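Engineer: what follows is a predicted protein model with its sequence.
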Amino acid sequence: MDDSTRLRESRMVFYRDDVARIDASLNELIQLSGARAALLVDREGHLVSRVGDLRSVDAETVAALVAGSFAATREMARVLGEEQFSVVFHQGKRDSIQLTLAGDRTILTVLFDDSTTAGMIRIYTNEAAKKLGGIFRDIESRTDDQRPAVTIGADFDVNAKDRLDSLFPG
């Protein structure tokens, strides 16, 4: 079974507490490193979480491009005899981005400008990636009885029907 098939068949489910832990790690990364924003993107280009100043950034587009960039970089590594490169760095005149593999299925994306240094970003991003990897291992090791109960409110069917009726008037 190839890597992408294995990842698709073993999707992680994030619950509210998981997202809170992820966001706390991303917020800590931003505060310590001086980065502008951090995104957590899965390898398929889906945005898992985002924190920081993203007013001038289309996060969903960046997420898709990050996944594509990382896939291309993985192929470049393979051609050079490496399994993969775990860090990709793009530096502009004023703004830069670092992509770091976090666990085996997500890419920690850090956006920063010239008010911080690439060295600071690298140090704190590596630490954040390790913390996120620990969170992911916790999520993957949960047994069925450790998963939070998910309930649908009693009025869900009425609200869903009303919403559908407003989208598709009869």
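Structural biologist: Good, I have the coordinates.

Engineer: residue ranges with poor pLDDT in this structure?
Structural biologist: Within the chain, the segments meeting pLDDT under 70 span 1-12, 143-154, 156, 170.

Engineer: so where do the helices sit in it?
Structural biologist: Listed in chain order, the helices found in the chain under DSSP state H are 3-9, 16-33, 59-79, 118-141, 156-167.

Engineer: is the residue nearest the centre of the chain in a bridge, and if so with what?
Structural biologist: By C-alpha atoms, centre = their mean, the chain has its centre lying nearest to residue 40, at 1.8 Å. Beta-bridge pairing of residue 40 under DSSP bridges involves residue 49, residue 108.

Engineer: pretty sure it contacts residue 110?
Structural biologist: No - taking contacts as C-beta atoms under 8 Å, residue 40 lies outside contact range of residue 110: 10.3 Å. For the C-beta atoms, the positions are set from N, CA and C on the backbone; glycine is no exception.

Engineer: one step back: closest to residue 90 out of the helices of the chain?
Structural biologist: Among the helices of the chain, the nearest to residue 90 by C-beta to C-beta is helix 59-79 (8.0 Å).

Engineer: coming back round to it: any idea which of the helices of the chain gets closest to residue 46?
Structural biologist: Here helix 59-79 is closest among the helices of the chain (C-beta to C-beta), at 6.6 Å.

Engineer: quick check: buried residues in that closest one?
Structural biologist: 59, 62-64, 66-67, 69-70, 73-74 (16 or more other C-beta atoms under 10 Å).

Engineer: please apply the same query to stretch 43-51.
Structural biologist: For stretch 43-51, burial by neighbour count (16+ other C-beta under 10 Å) applies to 43, 45, 47-51.

Engineer: same check, this time on stretch 19-29
Structural biologist: The neighbour-count criterion (16+ other C-beta under 10 Å) identifies 21-22, 25-26, 28-29 as the buried residues of stretch 19-29.
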